[in-house]
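Colleague: Turn this into a model:
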Amino acid sequence: MKTTARRSETVMRSPGASKPAPVPAPVRNPGSEDSKFDRLVYERVRLGIMSALAVNAQLTFNELKALFDVSDGNLSAHARKLEEAGYIECSKSFAGRRPKSEYRLTPVGRQALYRYLEHIEAVIKATRRS
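Modeller: All right, here's what the predicted structure looks like:
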């Protein structure tokens, strides 16, 4: 069986199959502890972006890029995911003839970051008690 990824779904293809069969998404219990763990924030660069914006009113694309030593495309993709989730806002302008993107953490993003940090702190405390 061959697995291929599409934009919105992962599909499994059997050799000779005409139509791909969608792979069901994992089911999580909405009331479980795992549902409080925001996987969007978990990724290293996205967590870094949100953390940096939590202690700075705003940062430019180039400032974020220098902080995390990532490519333009990598940073842009991570920032776009956070923006689509409503966690950060981006304002675009020009400085002379050069484009300038400035990012700010939204109140929703700040809440998501704090929830994530509380979850991680609880995991650390539980681990230390073991």
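Colleague: remind me, longest helix of the chain?
Modeller: When the chain is parsed with DSSP state H, its longest helix is helix 107-129.
Colleague: What residues sit buried inside that helix?
Modeller: Using 16 or more other Cβ atoms under 10 Å as the test for burial, helix 107-129 gives Gly109, Ala112, Leu113, Tyr116, His119. Glycine gets a C-beta too; all of them are placed from N, C-alpha and C.
Colleague: go on, stretch 81-88?
Modeller: In stretch 81-88, counting by 16+ other Cβ under 10 Å, buried: Lys81, Leu82, Ala85, Tyr87, Ile88.
Colleague: Stretch 68-79 too?
Modeller: Buried-residue list, stretch 68-79, by 16+ other Cβ under 10 Å: Val70, Leu75, His78, Ala79.
Colleague: Please state the offset of that stretch from the chain centre?
Modeller: Put simply, stretch 68-79 sits 12 Å off its chain's centre (Cα atoms, centre = their mean, to the nearest Å).
Colleague: now the longest helix of the chain: mean pLDDT?
Modeller: The pLDDT scores in helix 107-129 average 94.
Colleague: And the residue nearest the centre of the chain?
Modeller: For the chain, the residue sitting closest to the mean C-alpha position, by Cα atoms, centre = their mean, is Leu40 at 3.6 Å.
Colleague: So for stretch 70-89, mean pLDDT?
Modeller: Here the average pLDDT along stretch 70-89 is 96.
Colleague: export it as PDB, just CAs?
Modeller: Listed in PDB are the C-alpha atoms of stretch 70-89, where the atom choice follows Å, rounded to 0.1, in the frame of the first residue of the first chain:
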ATOM      1  CA  VAL A  70      15.100  29.500   9.600                       C
ATOM      2  CA  SER A  71      14.600  30.000   5.900                       C
ATOM      3  CA  ASP A  72      12.100  32.600   4.600                       C
ATOM      4  CA  GLY A  73       9.800  29.900   3.400                       C
ATOM      5  CA  ASN A  74       9.900  28.000   6.600                       C
ATOM      6  CA  LEU A  75       9.100  31.000   8.700                       C
ATOM      7  CA  SER A  76       6.400  32.200   6.400                       C
ATOM      8  CA  ALA A  77       4.700  28.800   6.500                       C
ATOM      9  CA  HIS A  78       4.700  28.700  10.300                       C
ATOM     10  CA  ALA A  79       3.600  32.300  10.600                       C
ATOM     11  CA  ARG A  80       0.700  31.600   8.100                       C
ATOM     12  CA  LYS A  81      -0.500  28.700  10.200                       C
ATOM     13  CA  LEU A  82      -0.600  30.800  13.400                       C
ATOM     14  CA  GLU A  83      -2.300  33.600  11.500                       C
ATOM     15  CA  GLU A  84      -4.900  31.300  10.100                       C
ATOM     16  CA  ALA A  85      -5.600  30.100  13.600                       C
ATOM     17  CA  GLY A  86      -6.000  33.700  14.800                       C
ATOM     18  CA  TYR A  87      -3.000  33.400  17.200                       C
ATOM     19  CA  ILE A  88      -1.000  36.200  15.500                       C
ATOM     20  CA  GLU A  89      -1.700  39.200  13.300                       C
END
